[in-house]
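1. got a sequence here, can you build the structure:
(one chain, ligands or ions: 1)
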Amino acid sequence: MTRYKRQDPEITRRKFINVAMGTTAAVGGVSLLSTLGAANPVFRLTANKMPPQAGDILVHAQESKEGQPIRIADLGPQLVRAWPQGKDENGDPVIRKGDPNNILALYRFPKGQLVAPTNLDATIDGETVAYSDICTHAGCSVGDSDINAGEMKCPCHSGQYDPKRGCIVIGGPPPRPLAQLPIKLEGDNLVVTGFFLTYPYPYTNENEWESIKKEVEAQRT
Ligand code: FES
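-> All right, here's what the predicted structure looks like:
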């Protein structure tokens, strides 16, 4: 299993800001919100680092299949990792793995097993669901639980999530659920219909997340 281990959250957060700014210069304690606000429009998020967004298709993240579009038949009650794939400024396909926090966790459960607080309108047929795969505690990649089938466990500090119930926290230190990504089926492709429904890691509050969404929207138009 590929593991996408994250670093200390504050280090990762600063690194993310640097990457988002396209510079390696230190930005110290400057907040993401003010940094990006002040930077606009000189600095732009590049397409490979933008968060998943409407129109992206989901492709395999596992090394042996990386980049292949995910099909419904590929999915089941065990975690499948995915990247969002969008388009760059020239309209060419780009996998958004320039930001490792864009890694996604996909599941497909038998009808009736996905329940609230999962947003069922944002799933495919109430069976297939997508979440951020990055732990909200300190940013490690979350995997399937090796003890309880159908649950997720973070390898770093044993945070546990329930992917059938909106990825709520059911154990350990994570402060909030994994963010759900709205998806639909279009032809054979799994297609993203909007931004994460709640703020994903590494964001620390809704305001930061709203700011990034606005930045992305501005660059899309
Ligand atoms: S990073 Fe600490 S529980 Fe996941």
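2. make it CA atoms for all contacts and neighbour counts henceforth
-> OK.
3. show me where this protein has its strands.
-> 57-60, 80-87, 93-95, 104-108, 128-132, 143-144, 152-153, 160-162, 168-171, 180-181, 183-186, 189-192 (DSSP state E).
4. now tabulate the ones you listed in TSV and tack on mean neighbour count and mean pLDDT.
-> Shown next, in TSV, are the strands of the chain (neighbours: other C-alpha atoms under 10 Å; pLDDT from 0 to 100):
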stretch	mean neighbour count	mean pLDDT
strand 57-60	24	98
strand 80-87	24	98
strand 93-95	19	97
strand 104-108	25	98
strand 128-132	27	98
strand 143-144	23	96
strand 152-153	25	98
strand 160-162	24	98
strand 168-171	18	98
strand 180-181	26	98
strand 183-186	18	98
strand 189-192	22	98
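5. quick one, longest helix in this protein?
-> Determined from DSSP state H, the single longest helix within the chain is helix 206-220.
6. tell me the centre residue of the protein?
-> For the chain, the residue nearest the mean C-alpha position is residue 132 (3.3 Å; C-alpha atoms, centre = their mean).
7. so it sits right up against residue 200, yeah?
-> Yes - counting by C-alpha atoms under 8 Å, residue 200 is a contact partner of residue 132 at 6.7 Å.
8. between these two, which contacts overlap?
-> 178, 179 (C-alpha atoms under 8 Å, 6 or more residues apart in numbering).
9. so what pLDDT did residue 70 get?
-> Residue 70 is assigned a predicted lDDT (pLDDT) of 98.
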